[in-house]
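1. Need a 3D model of the sequence below.
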Amino acid sequence: MKVHGNLLIYTKRWALCVTSVKFAPDGRHIVVGLNNSKVQLWDFTVNRLLRTLKGGHISRVGATDWNHQILTTGGMDGGIFNTDVKEFTHCTNLLSSISGTDHHSCFIS
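-> The predicted structure follows:
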């Protein structure tokens with residue numbers, strides 16, 4: 001595989017497929033939503049994983065966005081969560097849930 005630039009994540013495992021990516025407003029941090037329902041917070045300047053947020057979504061995380069240090073994620077499970085990433089325990093608050101299997105969060109803006 002030929003890569004131009006800095007490779008942050010590369011995997012051939014289906015569960016770890018990247019399903020969303022968003023830079024933080026500071027330009028230093030990047031959030032990566034994964035197919036396995038987890039969300040990773042990276043320091044882009046040193047290519048280092050800072051933490052993995054889990055326990056919020058139960059399926060693919062397809063949408064991510066920032067409001068200062070608040071990270072909002074949306075998943076195929078219909079949940080939309082706000083997480084304050086500056087908090088060590090990274091409390092996750094459910095904003096809304098779309099019931100039924102035909103609805104999921106594709107975009108957040």
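2. Just give me the neighbour total for Gly55.
-> 10 (other C-beta atoms under 10 Å). Backbone N, C-alpha and C define where each C-beta goes, glycine included.
3. One more: the one 3 residues further on?
-> By other C-beta under 10 Å, the residues close to Ile58 number 11.
4. What is the burial count for the nearest residue to it once chain neighbours are set aside?
-> Spatially, and ignoring its direct neighbours in sequence, Ile58 is nearest to Asp77 (4.7 Å; C-beta to C-beta, 6 or more residues apart in numbering). A count of nearby residues for Asp77, using other C-beta under 10 Å, gives 19.
5. State the pLDDT value of Asp77.
-> If you check Asp77, the pLDDT there is 86.
6. didn't it look like it was pressed against Gly56?
-> No. Asp77 is beyond contact range of Gly56, at 9.1 Å (criterion: C-beta atoms under 8 Å).
7. shared neighbours, those two?
-> Common neighbours of Asp77 and Gly56 are listed as Ser37 (criterion: C-beta atoms under 8 Å, 6 or more residues apart in numbering).
8. And for the closest residue to Gln69 other than its chain neighbours, the neighbour number?
-> Once flanking residues are discounted, Gln69 sits nearest to Lys86: 4.5 Å by C-beta to C-beta, 6+ apart. Per other C-beta under 10 Å, the neighbour tally for Lys86 reads 9.
9. now swap in Thr52 and tell me
-> Thr52 has 12 neighbours, counted by other C-beta under 10 Å.
10. what are the bridge partners for it, then?
-> Under DSSP bridges, the beta-bridge partners of Thr52 are Gln40.
11. Quick one: residues contacting it.
-> So Thr52 contacts 38-41 (C-beta under 8 Å, 6+ apart).
12. want to throw the residues you listed into TSV with pLDDT, distance to Arg28 and neighbour count?
-> As requested, the contacts of Thr52 are exported to TSV (pLDDT from 0 to 100; distance: C-beta to C-beta, whole Å; neighbours: other C-beta atoms under 10 Å):
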residue	pLDDT	distance to Arg28	neighbour count
Lys38	91	21	17
Val39	92	17	25
Gln40	91	15	21
Leu41	91	11	18
